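Chemist: need coordinates for the below:
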Amino acid sequence: MGKDYYKVLGIQKGASDDEIKKAYRKQALRFHPDKNKAPGAEDKFKEIAEAYDVLSDSKKKEIYDRYGEEGLKGHSGGGGGNGPSYTFHGDPHAMFAEFFGGRSPFDQFFAHGDDDDMDIDDPFAAFGMGGMGGMGGMGGFPRSFKSRVGGAHGSREKKKDPPVIHELKVSLEEVFSGCTKKMKISRKRLNPDGCSVRTEDKILTVDIKRGWKEGTKITFPREGDETPTNIPADIVFVVKDKTHPVFRRDGSDVIYPARISLRDALCGCTINAPTLDGRTVTVTSRDVIKPGMKKRIVGEGLPLSKCPEKRGDMVLEFVVKFPEKLNPNTRDALLQILPP
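Modeler: As a prediction, this is how the structure comes out:
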């Protein structure tokens, strides 16, 4: 006795096309290997696909109804003819993908918890789609739902990888003048077959604009690794200041530590301060300079990022060098000269 395809789908002989579709939908969801890990689920899933392949085809169904599985597979021409015998060569996963518009829609079906609490006779009830009434698209799915589940090949929706962050170190001179940086990256790229990948190098060009602040981000969309299952990540370069031997940066200002002696601090001094463009600025002070005092030289800093024709300031930050020790004569002289 051959297979009872109606029993496989859980329906009665003479069931309508809609009943056959509904039965396949129910059984295929129940026994899909992505969902059902029980032993034998894979074989049952294939058997369900074969049953639907026969009963959803009017010619095959007519022969099966008259002669059973033996008649179908022995004489698919029907009536004892000599036509080619029927053998199921289909891919049950491809059939599932075609029916639902995606190979594995379980992320959407069962995202709300254990499906043991779901009515298996109507697995769409949790989405307010009971009975699939009024739904268009393949297998009862709306077109927008199919696009979320998968494309024509039943693939899962690709997700974009998170950005790949690289530091891009620049000197203050490069920020002052602007420059071009060429960054070589190595990345994976998908071959035309859509499955295998290759490794290739690429040069990314970054134009450093005058006055760019530390933390500025430069993004190259989708230049990261590409695989069959992902959307390439963005490559992001983040500007980072190199340590400078003379200055330190404060936004668009540059800080210059002006080291002077105690005598200069008390009696006045002249300071020759370097600039980022190679000049020297002379600053004279006749006032008493206390440790930590600052003097601002307007317009000798970095270009403003939003208005490069304007510049920040240079700030002289005075550092007073005290003597390590005083001889007795100097100490006595200071006691006489300096106010108490």
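Chemist: which strands and helices sit next to the helix ranked longest in the chain?
Modeler: Longest helix in the chain, counting residues (DSSP state H): helix 58-74. Counting contacts by 3 or more Cβ pairs under 8 Å, 6 or more residues apart in numbering; DSSP states H and E, helix 58-74 packs against helix 41-55. For the C-beta atoms, the positions are set from N, CA and C on the backbone; glycine is no exception.
Chemist: in the helix it packs on, which residues are buried?
Modeler: Buried positions in helix 41-55, judged by neighbour count with 16 or more other Cβ atoms under 10 Å: 41, 44-55.
Chemist: wait, which of those is closest to residue 7?
Modeler: The closest of these to residue 7 turns out to be residue 51 (Cβ to Cβ; 8.7 Å).
Chemist: I'd like the distance between that closest one and residue 297.
Modeler: Summarising the geometry, the distance separating residue 51 from residue 297, computed by Cβ to Cβ, to the nearest Å, is 88 Å.
Chemist: same check, this time on residue 192
Modeler: When Cβ to Cβ is the yardstick, residue 192 and residue 297 sit 61 Å from each other.
Chemist: and these two? Which one has more around it.
Modeler: Under the neighbour definition other Cβ atoms under 10 Å, residue 192 and residue 297 were set side by side, and residue 297 has more, 17 against 6.
Chemist: quick check, the more buried one in contact with residue 281.
Modeler: Yes - counting by Cβ atoms under 8 Å, residue 297 does reach residue 281; the two are 5.9 Å apart.
Chemist: which neighbours do these two share?
Modeler: 273, 314 (Cβ atoms under 8 Å, 6 or more residues apart in numbering).
Chemist: rewinding a little: now the longest helix of the chain: mean pLDDT?
Modeler: Across helix 58-74, pLDDT averages out at 84.
Chemist: ditto for stretch 233-247
Modeler: 95.
Chemist: the lowest-mean-pLDDT helix or strand in the chain: what's the following helix or strand?
Modeler: Every helix and strand of the chain was ranked by mean pLDDT, DSSP states H and E. The lowest is helix 143-149, at a mean of 40. Where DSSP states H and E defines the elements, the next helix or strand beyond helix 143-149 is strand 159-160.
Chemist: note down every partner strand of that next one and its orientation.
Modeler: Using DSSP bridges, the strands paired with strand 159-160 are strand 230-231 (parallel).
Chemist: and residue 42, what does it touch?
Modeler: Taking Cβ under 8 Å, 6+ apart as the test, what residue 42 contacts is residue 33.
Chemist: and the nearest residue to residue 44 once chain neighbours are set aside, how many neighbours?
Modeler: In space, and not counting its chain neighbours, residue 44 is closest to residue 31: 4.5 Å by Cβ to Cβ, 6 or more residues apart in numbering. A total of 21 residues lie near residue 31 under the criterion other Cβ under 10 Å.
Chemist: again with residue 56
Modeler: Neighbours of residue 56 under the rule other Cβ under 10 Å: 15.
Chemist: how far away is the nearest residue to it once chain neighbours are set aside from residue 182?
Modeler: Using Cβ to Cβ, 6+ apart and skipping residues adjacent in sequence, the residue nearest residue 56 is residue 20, 5.8 Å away. Residue 20 sits 63 Å away from residue 182, going by Cβ to Cβ.
Chemist: ok, those two, which is more surrounded?
Modeler: In this comparison of residue 20 against residue 182, neighbours counted by other Cβ under 10 Å, the higher total goes to residue 20 at 20 against 8.
Chemist: hang on, residue 13 packs against residue 65?
Modeler: Yes - the pair residue 13 and residue 65 passes the contact test of Cβ under 8 Å, sitting 7.0 Å apart.
Chemist: ok, those two, which is more surrounded?
Modeler: The residue with more neighbours, out of residue 13 and residue 65 and counting by other Cβ under 10 Å, is residue 65; that gives 16 against 11.
Chemist: would you agree residue 218 falls within a strand?
Modeler: Yes - secondary structure assignment (DSSP: H, G, I helix; E, B strand; the rest coil) places residue 218 inside a strand.
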